[in-house]
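**Q** Would you be able to build a 3D model of this:
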Amino acid sequence: MAQHYIDLDTLKFLLFSVNDLEGVLGHERYTEYDKESIEMMLEAVKDFSDKELYPYFKEMDEHPAHFKDGEIVVHPQVTKYMKAGGEMGFLSGPFSYEDGGLQMPSMAVNASAFIQEAANNHLPGYIGLTVGAAELIVHFANKTLNETYVPKMLEGTWGGTMCLTEPQAGSSLSDIVTSATPDGETYKIHGQKIFISAGDYQGAENIVHLVLARIKGAPAGTKGISLFVVPKYSPAEDGSLTPNDVTTVADFEKMGQKGYCTTHLFFGDKDACTGWLVGEPNQGLKYMFLMMNGARIAVGRGAAAIATAAYHASLNYAKERPQGRQLTSTGKKNVAQEQTLIINHPDVRRMLLLQKSVCEGALSLIFKASRYNDLSQAHPDEGERTKYKLLLEILTPVTKTYPSEMGITSVNNGVQVLGGYGFCSDYILQQYLRDIRISAIYEGTTGIQSQDLLGRKVTMENGKALQLLSKEIQGTIQAAMAHESLKPYAQKLGTKLELTQGVLQSLMGYAMKGDYQRFLADATPFMEFFSTIVISWLWLEIGIVAQNALLTGDKTFDKDFYESKIHTMQFYFKYELPKTTGLAEVLMDNQALTLNTYEKIFK
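**A** A predicted model of the protein is given here:
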């Protein structure tokens, strides 16, 4: 029986009708695909997820990954999923044909992954990390490393990781101390890495680690970091595998995503750990950011998927749970009446609409970023490719952060819909809340993403990316003005664009004076301000498509479906967009209350 953790109609609507996947498929790179083939693929993924992912979701939380006798013990479904992922193309999907891949647009790849993550967010990370590691090898490593590792990784036979964080460094990568000592054509690797997702697990034939390390004598800071392929087992020409002195020290026990192992690794305990340099020395961080940017979009996608599954769980509960009575015209309750379903209470509807607006807005954001990524590779015009790359750059920190932060708020509202039952382990909402909490920390915390947005992406190329994004939003506003019913919302969004200019003018004054501490001090409130406006833009796009469908009598989806999108858009503009006024007041206030603060204030 099909499981209801997502609405496939909404996914297809956002993918095809709103974000125009067919327009992307029209480019030469993707000519092997059409709408019908992508829809068939998504149906197959949903069927697979119903059978092989969703049924194990609660079980993997109750029987978490753990460290025992030098190994990480995981649920048996992990290795089964990796093998199936290889067979079904979950791993090879985004890779070019010449690299052994399916050359599928990232819009379709992310739609497939979204379904899987909504079904069971503990499993897809194993594939996601392997894909990211293989991408780094394909893009930057030599032919030998490609031929040695990539085929096995795309088959799902070998796993892959990204190894950045160290105990003393955290997010400060300039402080990593893992060393790489030249040893002929290879390097001896020595050091430890923590919080390594999918870092090791029972049943995996091999794990291919992409490790950041510092070659002896390299410059200090991030300029002296290099990237290495460091397998758990070194493969020989005859196919045999030899231990490579990579030791699993522990598995971190977490509050959520317990089926997704997170390991502590030691490299070179016996001074016998070999690493192979990827690309040029001292370019490791630059290379790793190829994977990091993709991983950040993947984190946002996963958060949107968890929030979506939680929304459907709380919606199903609200449709079945009777409690209380509606007020009569006298303002009193008629106790003789039967109890009403809680979905009939306005405040419950408000919470459900908040969840719906966040989840669907976040999914459209994922597809928008994916579309820019596809066009940055596939568009025949170099100028257009550059434009879409800049648009992707400025949207990436938002795509990671909005679904993560507002996804937490969304799931929290889902728990509230269930009341006391939401806090009990008999119901799944509490697990969704625990699982999604890591999203705001993965791949750079909200604070880091916010500083990236304001400090780098807004200012890059003298504000070119921001100008391009503003032009995209203005185009949507103009299109909405053609509909009388959408004019008020277009005008509201236009006013917020003007407010954005005022906020940035105020903040840039600090940067122009060289006061970068003050410029970035409120980067996180700016992220919330900016993200809310971006999602309002995407909801206006959704509203335009839905309104056009109603006017033309489009039968792809029924009338209620289109009207529900317009209603949710109206909700977002009423309840969420106005919050930017208060945030703007915060951002333009010249008090610097978080700078030069004496320690005694925190006593």
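**Q** Which pLDDT does the model give Ala336?
**A** Listed pLDDT for Ala336 reads 69.
**Q** from here on, count from 160
**A** In the new count, where the first residue is 160, that last one comes out as Ala495.
**Q** doesn't Phe354 fall inside a strand?
**A** Yes. With DSSP: H, G, I helix; E, B strand; the rest coil as the criterion, Phe354 is part of a strand.
**Q** need the contact list for the closest residue to it other than its chain neighbours.
**A** Leaving out its chain neighbours, the residue that sits closest to Phe354 by CB to CB, 6 or more residues apart in numbering is Thr324, at 4.9 Å. Heads up, the C-betas are built off the backbone N, CA and C, glycines and all. Residues near Thr324 by CB atoms under 8 Å, 6 or more residues apart in numbering: Ser330, Lys352, Ile353, Phe354, Ile355.
**Q** try it again with 7 Å
**A** Lys352, Ile353, Phe354 (CB atoms under 7 Å, 6 or more residues apart in numbering).
**Q** State the number of residues packed around the last one.
**A** It refers to Phe354. 19 (other CB atoms under 10 Å).
**Q** Just to check, it is in contact with Cys420?
**A** No. Using CB atoms under 7 Å, Phe354 makes no contact with Cys420, being 11.0 Å away.
**Q** Turn the contacts of Thr324 into TSV, columns for pLDDT and distance to Phe448.
**A** Shown next, in TSV, are those (pLDDT from 0 to 100; distance: CB to CB, whole Å):
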residue	pLDDT	distance to Phe448
Lys352	96	17
Ile353	95	20
Phe354	94	18
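**Q** Show the pLDDT at Leu323.
**A** 91.
**Q** Give me the phi and psi for Leu742.
**A** phi -70, psi -40 (degrees, to the nearest 10).
**Q** Next, work out how far apart it and Ala472 are.
**A** Relative to Ala472, Leu742 is positioned 30 Å away (CB to CB, to the nearest Å).
**Q** the more surrounded of these two?
**A** Ala472 (23 against 20).
**Q** Can you tell me the closest non-neighbouring residue to the more buried one?
**A** Ile587 (5.4 Å).
**Q** Val693 now?
**A** Closest to Val693 by CB to CB, 6+ apart is Val557, at 5.6 Å.
**Q** Wait, a helix at that neighbour?
**A** Yes. Val557: assigned to a helix according to three-state DSSP.
**Q** mind listing what it touches?
**A** Taking CB under 7 Å, 6+ apart, we find Val557 in contact with Leu612, Phe689, Ser690, Val693.
**Q** Mind checking the pLDDT average for stretch 200-207?
**A** Rounded mean pLDDT across stretch 200-207 is 97.
**Q** mean confidence for stretch 506-522?
**A** Stretch 506-522 comes out at a mean pLDDT of 98.
**Q** who's in contact with that stretch?
**A** 169-170, 173, 273, 463, 466-467, 470, 473-474, 477, 501-502, 561-562, 565-566, 569, 572-573, 575-576, 694, 697-698, 727, 730-731, 734-735.
**Q** From the residues you listed, keep the buried residues only.
**A** For the contacts of stretch 506-522, a neighbour count by 16 or more other CB atoms under 10 Å gives the buried set as 169-170, 173, 273, 463, 466-467, 470, 473-474, 477, 501-502, 561-562, 565-566, 569, 572-573, 576, 694, 697-698, 727, 730-731, 735.
**Q** Sort out for me which of the residues you listed are in strands.
**A** In this view, those have no member that belongs to strands under DSSP state E.
**Q** Among the residues you listed, which ones are in helices?
**A** 169-170, 273, 463, 466-467, 470, 473-474, 477, 561-562, 565-566, 569, 572-573, 576, 694, 697-698, 727, 730-731 (DSSP state H).
**Q** all strands for the protein, in order.
**A** 225-227, 230-232, 317-322, 338-342, 345-356, 365-374, 384-390, 392-394, 400-402, 405-410, 421-426, 433-436.
**Q** how far off strand 405-410 does the fifth one point, in degrees?
**A** Interaxial angle, strand 345-356 versus strand 405-410 (axes from the mean of the first three to the mean of the last three CA atoms, to 10 degrees): 20 degrees.
**Q** so what secondary structure elements neighbour strand 345-356?
**A** strand 317-322, strand 338-342, strand 365-374, strand 384-390, strand 421-426, strand 433-436 (3 or more CB pairs under 7 Å, 6 or more residues apart in numbering; DSSP states H and E).
**Q** among the ones you listed, which is nearest Glu211?
**A** strand 317-322 (17.9 Å; CB to CB).
**Q** Which secondary structure elements does the closest one sit against?
**A** Checking 3+ CB pairs under 7 Å, 6+ apart, strand 317-322 ends up next to helix 283-299, helix 302-313, strand 345-356, strand 365-374.
**Q** Switch those over to a markdown table; also include distance to Gly668.
**A** A markdown table is the format used below for those (distance: least, CB to CB, whole Å):
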| stretch | distance to Gly668 |
| --- | --- |
| helix 283-299 | 39 |
| helix 302-313 | 49 |
| strand 345-356 | 38 |
| strand 365-374 | 37 |
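**Q** quick one: which of the ones you listed is nearest Leu752?
**A** strand 345-356 (31.6 Å).
**Q** So which residues make contact with the closest one?
**A** Strand 345-356 is contacted from outside by 284, 288, 320, 322, 324-326, 336-340, 370, 372, 387, 389, 411, 419, 421-427, 430, 432-436, using CB under 7 Å, 6+ apart.
**Q** of those, buried ones?
**A** 284, 288, 320, 322, 324-325, 337-340, 370, 372, 387, 389, 419, 421-427, 432-436.
**Q** one step back: can you tell me how far the residue nearest to Phe354 is from Gly461?
**A** From Thr324 to Gly461 the distance is 19 Å (CB to CB).
**Q** Kindly check the end-to-end length of stretch 594-605 for me.
**A** With CA to CA, to the nearest Å as the measure, stretch 594-605 spans 17 Å from end to end.
**Q** Show me which residues of that stretch are buried.
**A** Judged by neighbour count using 16+ other CB under 10 Å, the buried positions of stretch 594-605 are Asp594, Ile595, Arg596, Ile597, Ser598, Ala599, Tyr601, Glu602, Gly603, Thr604, Thr605.
**Q** hang on, the fifth one packs against Gly566?
**A** Yes. With contact defined as CB under 7 Å, Ser598 counts as touching Gly566 (6.3 Å).
**Q** residues shared between the contacts of the two?
**A** Counting by CB under 7 Å, 6+ apart, the residues touching both Ser598 and Gly566 are Ala462.
**Q** for the stretch 160-309 of the chain, what spans make up the helices?
**A** For the stretch 160-309 of the chain, applying DSSP state H, counting those that start in this stretch gives helices covering 167-171, 180-184, 194-211, 216-221, 236-247, 265-278, 283-299, 302-313.
**Q** With only the CA atoms kept, save the fourth one in PDB.
**A** Only the C-alpha atoms of helix 216-221 are listed here, as PDB (Å, rounded to 0.1, in the frame of the first residue of the first chain):
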ATOM      1  CA  PHE A 216      12.200   4.600   9.400                       C
ATOM      2  CA  LYS A 217      11.000   4.200  13.000                       C
ATOM      3  CA  GLU A 218      13.000   0.900  13.500                       C
ATOM      4  CA  MET A 219      16.300   2.600  12.600                       C
ATOM      5  CA  ASP A 220      15.600   5.200  15.300                       C
ATOM      6  CA  GLU A 221      14.800   2.600  17.900                       C
END
